[in-house]
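Trainee: predicted model follows, preceded by the sequence.
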Amino acid sequence: MGTRTARLRALRRVAAARAATALSALTAVAVAVVGLAAAPAHAADPVLRDLATAKGKYYGTAIPAGRLTGTHGSVAAAQFGSITAENEMKWGSVEPTRGSFSWTGADQIMSFAAANGQKVRGHTLVWHSQLPSWLANGTFGNDELRTIMTDHVTTQTARYKGRIDQWDVVNEALNEDGTLRASKFYTQLGESYIADAFRAARAADPAAKLYINDYNTDATGAKSNGLYSLVQRLQAQGVPIDGVGFQTHLIIGQVPATFQANLQRFADLGLDVAITELDIRMPLPATDSQLAQQKSDFKAVTNACLAVTRCKGVTVWGFSDAVSWVPDVFPGQGAATPYNENYQPKPAYYGIAEALGWTDDGSGGGGGGGGGGTTGCAVTYANQSQWNTGFTASVTIKNTGSSAISGWNLAWTWPSGQSVTSAWNATITQAGAQATAVNLTYNAAIAAGGTVNFGFNGAWSGTNTAPSTFTLNGAACTLG
């Protein structure tokens, strides 16, 4: 995988570039209203988060705060049941000055997750990299350094108490030979810093699952053996460790033969395990054969998690090649994620879905709102809240016919001059009093008897009378 130092330097450059171009700070409402449009895809495309939930797992993605809106935010909200902040919860981001905390980015991630019913993996509390300069370059006595560390862990964990599913308490503590890395913390405090960090996290949030996380530990070997021994020592000391995270940054065709067995041996210690940063890179430009291999590899990794009862789920480290860190760190390599640069699902995406039990019905087609084969529909319109000259409404479409709808558009006429100002789970356009909502990529298909929901914020004056008629793909619907 190349040198870790090079990777980290590049990651910092990527993070800085993203921060420079990120959207301005989002309010909680803005975070909740994720993208108004998404790239088209097959109408029958599966929803990974739903498939994973049905298997008792989660499927998640890392995401930066600057990508919570637009197409990126829409896909992240629709497809993934868990999110991880790329950089916003790291020490250098949240405590840039000693004792002074900046929560803007982390709070935006938390608001996005809450708005979209997602779990959050907290990443990360104690790591040798991306430390603020005051800490990385400062000189402290051993007791002072230990207090700095435990105070940081306590403050950050307590802020999100009850809202974080899993915390990466200690990240990348090992060398490639399985010995402990000579980080600032280990050099001064020895191995005990790890136990102290876990104990501080447990005291601040008893409900969160506490993980140790590392890379190049996917196969059995020197580094994973060192991790295994470390975990055993922590357990023997009564340290409150709940799980082990396996980053799983791979190269196509190189899923370790011992991957599942390695996950299982950690699970056999009575611990949860999780795949926390999955990507599978290849030489560029990508070929059809490479993409086919990548599909097999994503499927194999997902199957390995499914086969281990205590594997809680899989997180991909970014889901689109448009924003992947890989090309910046490994020149000439990339295409490491399940979506291409245009947010179109790649074969890897379908490999994940197939592992999770999805079967392609061959319907194909576009998700852009063309006519579908509906023979009946019912619409429920609810004005959820109203204030001054604004309101929030929710619309549920039910397919009352006997065949699936592949692509939909719902039209209605405002009776009192209302207008739509923003929307979620649909693209809404308006011409005069006529409004039309069109499906997004992830909700184009409505199974027979199934429903789809979207919502919007609107403006009104005088009265705010609900629409009385709706048409779906040109056919009149009953009111639910």
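Mentor: Received, thanks.

Trainee: tell me how many other residues crowd Q384.
Mentor: Burial measure for Q384: 9 neighbouring residues, criterion other Cβ atoms under 10 Å. For the C-beta atoms, the positions are set from N, CA and C on the backbone; glycine is no exception.

Trainee: which residues touch stretch 387-400?
Mentor: 374, 376-386, 405, 408, 410, 418, 421, 437, 446-461, 464, 472, 477-478, 480 (Cβ atoms under 8 Å, 6 or more residues apart in numbering).

Trainee: stretch 329-347: which residues count as buried?
Mentor: Of the residues in stretch 329-347, those with enough neighbours to count as buried (16 or more other Cβ atoms under 10 Å) are 329-330, 333-340, 343, 345-347.

Trainee: quick one on the thing from earlier: name only those of the contacts of stretch 387-400 that count as buried.
Mentor: Among the contacts of stretch 387-400, the ones that count as buried by 16+ other Cβ under 10 Å are 374, 376-379, 405, 408, 410, 418, 437, 446, 452, 454-458, 460, 464, 472, 477, 480.

Trainee: need the contact list for the residue lying closest to N225 once chain neighbours are set aside.
Mentor: Excluding its sequence neighbours, the residue lying closest to N225 (Cβ to Cβ, 6 or more residues apart in numbering) is G178, at 5.4 Å. When contacts are counted by Cβ under 8 Å, 6+ apart, G178 touches A222, K223, S224, N225, G226, L227, S229.

Trainee: so what pLDDT did G178 get?
Mentor: On pLDDT, G178 comes in at 98.

Trainee: hang on, it in a helix?
Mentor: No: assessed with DSSP: H, G, I helix; E, B strand; the rest coil, G178 is coil; it does not lie in a helix.

Trainee: quick one, longest helix in the protein?
Mentor: Once the chain is assigned using DSSP state H, the helix that runs over the most residues is helix 288-307.

Trainee: could I get the buried residue list for it?
Mentor: Neighbour-count burial for helix 288-307 flags 290-291, 293-306 (criterion: 16+ other Cβ under 10 Å).

Trainee: pick out the most distant pair among those residues.
Mentor: Farthest apart among the buried residues of helix 288-307 by Cβ to Cβ are Q290 and L306. That separation is 24.5 Å.

Trainee: buried sites along stretch 64-84?
Mentor: Neighbour counts using 16+ other Cβ under 10 Å place 64-69, 71-84 of stretch 64-84 among the buried residues.

Trainee: in the chain, what secondary structure element scores lowest on mean pLDDT?
Mentor: Using mean pLDDT, DSSP states H and E, the weakest-scoring helix or strand in the chain turns out to be helix 28-32, at a mean of 33.

Trainee: of the contacts of G178, select the buried ones using a ChimeraX command.
Mentor: To isolate in ChimeraX the members of these that are buried, counting by 16+ other Cβ under 10 Å, one can use:
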select :223,224,226,227
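
Trainee: which one of the contacts of G178 is nearest I352?
Mentor: After measuring the contacts of G178 against I352 - Cβ to Cβ - the closest member comes out as S224, at 23.9 Å.

Trainee: immediately after the least confident helix or strand of the chain, which helix or strand?
Mentor: Proceeding N to C from helix 28-32, the next assigned helix or strand is helix 48-54, under DSSP states H and E.

Trainee: list the contacts for R199?
Mentor: Residues counted as contacts of R199 (Cβ under 8 Å, 6+ apart) are V239, P240.

Trainee: that one: which element?
Mentor: Assigned by DSSP H and E, R199 falls in helix 192-204.

Trainee: mind listing the strands the helix or strand just after that helix pairs with, and their directions?
Mentor: From helix 192-204 onward toward the C-terminus, using DSSP H and E, the following helix or strand is strand 209-214. In the sheet, strand 209-214 lines up against strand 166-171 (parallel), strand 243-246 (parallel) (DSSP bridges).

Trainee: quick one: strand 209-214 to helix 192-204, angle?
Mentor: Using axes from the mean of the first three to the mean of the last three Cα atoms, to 10 degrees, one finds that strand 209-214 and helix 192-204 are set 150 degrees apart in direction.

Trainee: thought S403 was touching G449?
Mentor: No: S403 lies out of contact with G449 (Cβ atoms under 8 Å); the separation is 10.5 Å.

Trainee: tell me which entries of the buried residues of stretch 64-84 lie within strands.
Mentor: Cross-referencing the buried residues of stretch 64-84 with the strands (criterion: DSSP state E) gives S82, I83, T84 as the overlap.

Trainee: now, which of those residues sits nearest W358?
Mentor: For these, the nearest to W358 is S82 (18.6 Å; Cβ to Cβ).

Trainee: quick one: residues contacting the closest one.
Mentor: For S82, the contacting residues are Y58, Y59, G60, T61, Q118, K119, V120, R121, D165, G313, T315, by Cβ under 8 Å, 6+ apart.

Trainee: okay if I get the buried residues of stretch 329-347 as JSON lines plus pLDDT?
Mentor: Shown next, in JSON lines, are the buried residues of stretch 329-347 (pLDDT from 0 to 100):
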{"residue": "V329", "pLDDT": "96"}
{"residue": "F330", "pLDDT": "96"}
{"residue": "Q333", "pLDDT": "97"}
{"residue": "G334", "pLDDT": "97"}
{"residue": "A335", "pLDDT": "97"}
{"residue": "A336", "pLDDT": "98"}
{"residue": "T337", "pLDDT": "98"}
{"residue": "P338", "pLDDT": "97"}
{"residue": "Y339", "pLDDT": "95"}
{"residue": "N340", "pLDDT": "93"}
{"residue": "Y343", "pLDDT": "89"}
{"residue": "P345", "pLDDT": "93"}
{"residue": "K346", "pLDDT": "94"}
{"residue": "P347", "pLDDT": "94"}
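
Trainee: which ones among these are found in helices?
Mentor: Secondary structure defined by DSSP H assigns V329, P347 of the buried residues of stretch 329-347 to helices.

Trainee: stretch 119-136: how far from the chain's middle?
Mentor: Shown here is stretch 119-136, whose average C-alpha point lies 18 Å from the average C-alpha point of the whole chain (Cα atoms, centre = their mean, to the nearest Å).
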